[in-house]
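1. Predicted structure and sequence below. I'll ask about it afterward.
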Amino acid sequence: MITMVKQQPLWSAAVLLLLLLSLQFSTQVARSQRVPAIFCFGDSLIDDGNNNFLDSIAKSNYYPYGIDFRGPTGRFCNGKTIVDLLAEMLGVSYPQPFADPGSTGSKIFSGVNYASAAAGILDETGQNYGQRFSLSQQVLNFETTLSQMRTMANGTTLSRYLAKSIVIMVFGSNDYLNNYLMPSLYPSSYNYSPPDFANLLLNHYARQILALYSLGLRKFFLAGIGPLGCMPNQRALAPPGRCLDYDNQILGTFNEGLRALVNQLNGNHPGSIFVYGNTYGIFGDILNNPATYGFSVVDRGCCGLGRNQGQITCLPMQMPCLNRNEYVFWDAFHPTTAANVILAQTAFYGPPSDCYPINVQQMALI
């Protein structure tokens, strides 16, 4: 006697698959509606091509930049920047470079990147590199974008869109490297003590952040400055095997002040969220415990010349290192994609010691 085994109908598996696909699609839609776009303001750490269109010597639109992602686009990295990685985590498009003539029409609703290599909080910062979009100019550029958006969306829809979008701001490094720490070209170190200079930066920064708030943006991620004295360019000036301690010591007032500013902004602007990213702490942990993060080279660039491969930054057609995932630094100044992945994941998932008072993932849910 043959025992008949009752089979489950084939359509049940198909229905289950459809339900799963539907749930996945609904989740993606909900996520995209929660954060429709990101808007980026900053320097070369997140520039994705704006300086390609400026009369500047601070450019990276040549090989081997971009060797691991899209080729040389103007990103100062071998691959993806922290903005690219956060965009992927949020499920939104990579923001368009503002200066690109193709960044017009409906494309701008996918997000816009205003970051410019050599830019600083102060207008004069980075002028030794030529043309760049300073922080104040980047805010004006956002107003230009907003004027275009107003011709394509009604006020209510646009207000909701801006309030749900996330702003990423990465500033301050050049105000030290290409201003305060360059006394032969800039008088700031003669005119201000390190704490006074940090407070000058914070006052300028706060005004521009509030200008963006007044234009309708409500979610801000403000990255602190990393340990500048440990980048290859500065290590080349330090005793062998050491970071340039002075560079790192003078950053404390700025980073602590930026965290305090976040508290103040959150207290004074209910319905908004301002987040401080502890770049110094995160990057410092990578440098102090490289093996934990999969790195073996922390003191020199993957692509560069001179001591620590940091005295001259990556040149056109120069052969970079092959084991790029083991290097913290790509060139004389900028992290590799492997390091950016750690920074982005920490910004997205990190505890309050790294992202204060909440992380990017939590910010996206608001």
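-> Perfect, I can see it now.

2. only C-alpha atoms for contact and neighbour calcs from this point on.
-> Noted.

3. how about the helix or strand containing residue 343: buried residues?
-> Residue 343 belongs to helix 337-349 when assigned by DSSP states H and E. Under the neighbour-count criterion of 16 or more other Cα atoms under 10 Å, helix 337-349 has 337, 338, 339, 340, 341, 342, 343, 344, 345, 346, 347, 348 buried.

4. What segments of the stretch 201-350 of the chain are helices?
-> For the stretch 201-350 of the chain, helices defined by DSSP state H, counting those that start in this stretch occupy the ranges 232-235, 245-249, 252-268, 279-288, 337-349.

5. before we move on, back to that, which one of the buried residues of helix 337-349 is nearest residue 364?
-> residue 348 (9.5 Å; Cα to Cα).

6. and the closest residue to residue 159 other than its chain neighbours, how many neighbours?
-> Computed as Cα to Cα, 6 or more residues apart in numbering, the closest residue to residue 159 that is not its neighbour in sequence is residue 216, at 6.3 Å. Residues within reach of residue 216, counting by other Cα atoms under 10 Å, total 18.

7. Next, the contact list for residue 216, please.
-> Applying Cα atoms under 8 Å, 6 or more residues apart in numbering to residue 216 gives the contacts 159, 162, 163.

8. which of the residues you listed tops the neighbour count?
-> residue 162 (23 neighbours).

9. how about the nearest residue to that one, chain neighbours excluded?
-> Once flanking residues are discounted, residue 162 sits nearest to residue 217: 5.2 Å by Cα to Cα, 6+ apart.

10. That neighbour - how many residues pack around it?
-> By the criterion of other Cα under 10 Å, residue 217 has 23 neighbours.

11. Isn't residue 170 up against residue 39?
-> No - contact criterion Cα atoms under 8 Å: residue 170 and residue 39 do not qualify, at 11.5 Å.

12. Buried residues of stretch 264-276, list them for me.
-> Buried, per 16+ other Cα under 10 Å, within stretch 264-276: 265, 272, 273, 274, 275, 276.

13. Now the two most distant members of these.
-> Pairwise over the buried residues of stretch 264-276, using Cα to Cα, the maximum falls at 272 and 276, 13.6 Å.

14. Okay, residue 301 and residue 323: tell me how far apart.
-> Residue 301 sits 12 Å away from residue 323, taking Cα to Cα, to the nearest Å as the criterion.

15. ok, now residue 177?
-> Separation of residue 177 from residue 323 (Cα to Cα): 28 Å.

16. Which elements pack onto the helix holding residue 343?
-> helix 82-90, helix 279-288, strand 327-329, helix 360-365 (3 or more Cα pairs under 8 Å, 6 or more residues apart in numbering; DSSP states H and E).

17. Most tightly packed of those?
-> strand 327-329 (a mean of 28; mean count of other Cα atoms under 10 Å).

18. For it, which outside residues touch it?
-> 231-232, 287, 295-302, 335-336, 338-339.

19. Convert the helix holding residue 343 to CSV, retaining C-alpha atoms only.
-> Taking C-alpha atoms only, helix 337-349 is exported to CSV below (Å, rounded to 0.1, in the frame of the first residue of the first chain):
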residue,chain,number,x,y,z
THR,A,337,37.2,53.9,1.7
ALA,A,338,37.9,51.2,4.3
ALA,A,339,38.3,53.9,7.0
ASN,A,340,35.3,55.7,5.7
VAL,A,341,33.2,52.5,6.1
ILE,A,342,34.1,52.5,9.8
LEU,A,343,33.3,56.2,10.2
ALA,A,344,29.9,55.8,8.3
GLN,A,345,28.9,52.7,10.3
THR,A,346,29.7,54.4,13.6
ALA,A,347,27.8,57.6,12.5
PHE,A,348,24.8,55.4,11.6
TYR,A,349,24.7,52.9,14.4
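
20. Tell me the first helix or strand C-terminal of it.
-> strand 355-356.

21. Would you pull up how far that following strand lies from the middle of the chain?
-> 15 Å (Cα atoms, centre = their mean, to the nearest Å).

22. avg pLDDT for it?
-> The average pLDDT within strand 355-356 is 98.

23. Which neighbours in the sheet does that strand have, and how are they oriented?
-> Partner strands and pairing direction for strand 355-356 (DSSP bridges) are strand 273-277 (antiparallel).

24. tell me the angle of the strand it pairs with relative to helix 252-268?
-> Between strand 273-277 and helix 252-268, the angle comes out at 160 degrees (axes from the mean of the first three to the mean of the last three Cα atoms, to 10 degrees).

25. what about stretch 292-311, how long is it end to end?
-> First-to-last residue span, stretch 292-311, Cα to Cα: 28 Å.

26. what does that stretch rub up against?
-> 230-236, 241, 286-287, 290, 312-315, 318-321, 324-333, 342.

27. Mind doing that once more with 7 Å?
-> 232-233, 235-236, 286-287, 290, 312-315, 320-321, 324, 326-332 (Cα atoms under 7 Å, 6 or more residues apart in numbering).

28. Same check on stretch 43-61?
-> 72-76, 81-83, 97-100, 115-120, 129-132, 170-171, 334.
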